[in-house]
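1. I would like to see how this sequence folds:
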Amino acid sequence: MTQRGHVLDDSWYLDYAAGTLGTEAQDVMMASHVELSDEARGRVAALETLGGAMLDASDGEAPLGFSVEDILRRAGSEAEEDLTVAPVAAAPAADDSLCLPQALQDYLARTGMPVRWGFLGPGMRKAILWRGEHGERLWLLRAQPGVAIPHHGHNGSELTLVLKGSFWDGEQEYRPGDVEEAHPGVEHDIRIDEGGECICLALTEGKLKFESPVLRAFQVFTGL
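-> All right, here's what the predicted structure looks like:
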């Protein structure tokens, strides 16, 4: 049975709504995800509404009578109700085939960072957009239909947001607006759907872990 990947743990949406994410790259990733996903947008709206209401109801001189867990529990219950959020219209990118969300376009325009594609592997190209102090990278992946990314693990966390097309991780499918989160210890095989080109925005910590010595040597050239 086909499963769909969709949203992240609620703590991501709470930090995004509160403006307390750790890096600008995380802000760009989450803003792009929320822009493209109705479910993520609804989750953030619910958290913002609940958090504001709970603060208004509290005594400013007394300790808060609720915790983060309280907000998440109430957000989870209210998400079952009818919450209508108007979709965000994204302006066209300079290269329409990229399907970049407006949040990412704004980041590229603000930083002056060009999208420069480099070879990643057969049928795959990458464009590094940001590098952090501890090996973090924000980058774009552009992969052709049917391409398989070899079995690999992770040295750090990885968020992968689908902008265009779709990919499969086992029996779970990820489509535009869906985001996959992987952590150290997770090993998987990724394959691009046969239906068309897939473009993803990825935020990674450290390099991928490949079993093949050839692929490990190849990482010297790809930097991923």
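2. which stretches of the protein form helices?
-> 10-18, 24-36, 38-57, 68-78, 102-111, 213-222 (DSSP state H).
3. residue 205 versus the residue lying closest to residue 47 once chain neighbours are set aside, what's the distance?
-> Nearest non-adjacent residue to residue 47, counting by CB to CB, 6 or more residues apart in numbering: residue 17, 4.6 Å away. In this view, the C-beta of every residue, glycine as well, is placed from N, C-alpha and C. In this view, residue 17 and residue 205 are 23 Å apart by CB to CB, to the nearest Å.
4. quick one: low-confidence parts of the chain?
-> 1-7, 51-97, 150-156, 183-188, 206-224 (pLDDT under 70).
5. apply 80 and report the result again.
-> For the chain, applying pLDDT under 80 flags the ranges 1-7, 50-98, 134, 149-157, 182-189, 205-224.
6. rewinding a little: hmm, the residue nearest to residue 47 is touching residue 50, no?
-> No. Using CB atoms under 8 Å, residue 17 is not in contact with residue 50, being 9.6 Å away.
7. report how many residues lie close to residue 14.
-> Residues lying near residue 14 (other CB atoms under 10 Å) number 20.
8. how about it, nearest residue that isn't a chain neighbour?
-> Nearest non-adjacent residue to residue 14 (CB to CB, 6+ apart): residue 47, at 5.5 Å.
9. residue 27 now?
-> Per CB to CB, 6+ apart, closest to residue 27 is residue 21, 5.3 Å.
10. surely the one you found touches residue 15?
-> Yes. If you go by CB under 8 Å, residue 21 and residue 15 touch, sitting 5.0 Å apart.
11. residues contacting residue 141?
-> For residue 141, the contacting residues are 120, 124, 125, 126, 160, 198, 199, 200, 201, 202, by CB atoms under 8 Å, 6 or more residues apart in numbering.
12. from these, which is closest to residue 135?
-> Of all the contacts of residue 141, residue 135 sits closest to residue 202, with 13.5 Å by CB to CB.
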